[in-house]
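**Student:** I would like the atomic coordinates for the input below:
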Amino acid sequence: MFGNSALYEIIHGNVAFAEEAMAHPERGFYNLLAQYPAFTFSASVATITGLLFYVTSADSGALVLGNFTSKLKDINSDAPNWLRIFWSVAIGLLTIGMLMTNGISALQNTTVIMGLPFSFVIFFVMAGLYKSLKVEDYRRESASRDTAPRPARRAGSVELEEASVAVDELSGNPLYAPDDGDGVLPGNGGGGAGA
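**Tutor:** Numbers count the residues shown, from 1 in each chain. Now for the predicted structure:
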């Protein structure tokens, strides 16, 4: 939206805006807002929104850096507040220092320099995610095979009783035999303990 608005201003002959944006890119956004009514209000909203984005990102970064640089008591705990404040101040001072030394180009150069090593980190994150999804897929397939419906055993089914007897005989310890009507359980030898 803002890019199209800036191009519209340049195409329609606003040379002063184009020259100012080329000379001072960091002022280009506010110069664009100055082309429209209620500049003070829109610039204030844009500044507050930008600060909120920066503070949110800096707070998240300070939390992560604090967790990396402290020994946590358990997995659900976070770094102490003083350590988060330290990292927040360090991030803020680093940003202010870079802006004061070389303006926005210092931040842009730092972003480009740090982008290449971080691309390798992103590659390893993608590989780890792929591996985790494959493991999850194997687990899901295994669970679906383990919970497949089994045929219900019907009481008095001759085929199932014969199969159970055959399995028990192969194991050498018959635990189940079809009821032959004598009331004696297999392995009891007539019902007596010593018989």
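
**Student:** any idea how far the residue nearest the centre of the chain lies from Met114?
**Tutor:** Taking Cα atoms, centre = their mean, the centroid of the chain lies closest to Leu129, which sits 8.8 Å from it. Separation of Leu129 from Met114 (Cβ to Cβ, to the nearest Å): 22 Å. Where you see a C-beta, it was placed from the backbone N, CA and C, and this is true even at glycine.

**Student:** Likewise for Ala90?
**Tutor:** From Ala90 to Met114 the distance is 16 Å (Cβ to Cβ).

**Student:** So which of the two has more stuff around it?
**Tutor:** Using other Cβ atoms under 10 Å, the more surrounded residue of Ala90 and Met114 is Ala90, with 14 against 10.

**Student:** residues in contact with stretch 55-73?
**Tutor:** Contacts of stretch 55-73 with the rest of the structure, by Cβ atoms under 8 Å, 6 or more residues apart in numbering, involve Asp78, Ala79, Pro80, Leu83, Arg84, Ile85, Phe86, Trp87, Ser88, Ile91, Gly92.

**Student:** what comes up buried for it?
**Tutor:** Within stretch 55-73, the residues scored as buried using 16 or more other Cβ atoms under 10 Å are Ala58, Ala62, Leu63, Leu65, Gly66, Asn67.

**Student:** What's the mean pLDDT across it?
**Tutor:** Across stretch 55-73, pLDDT averages out at 89.
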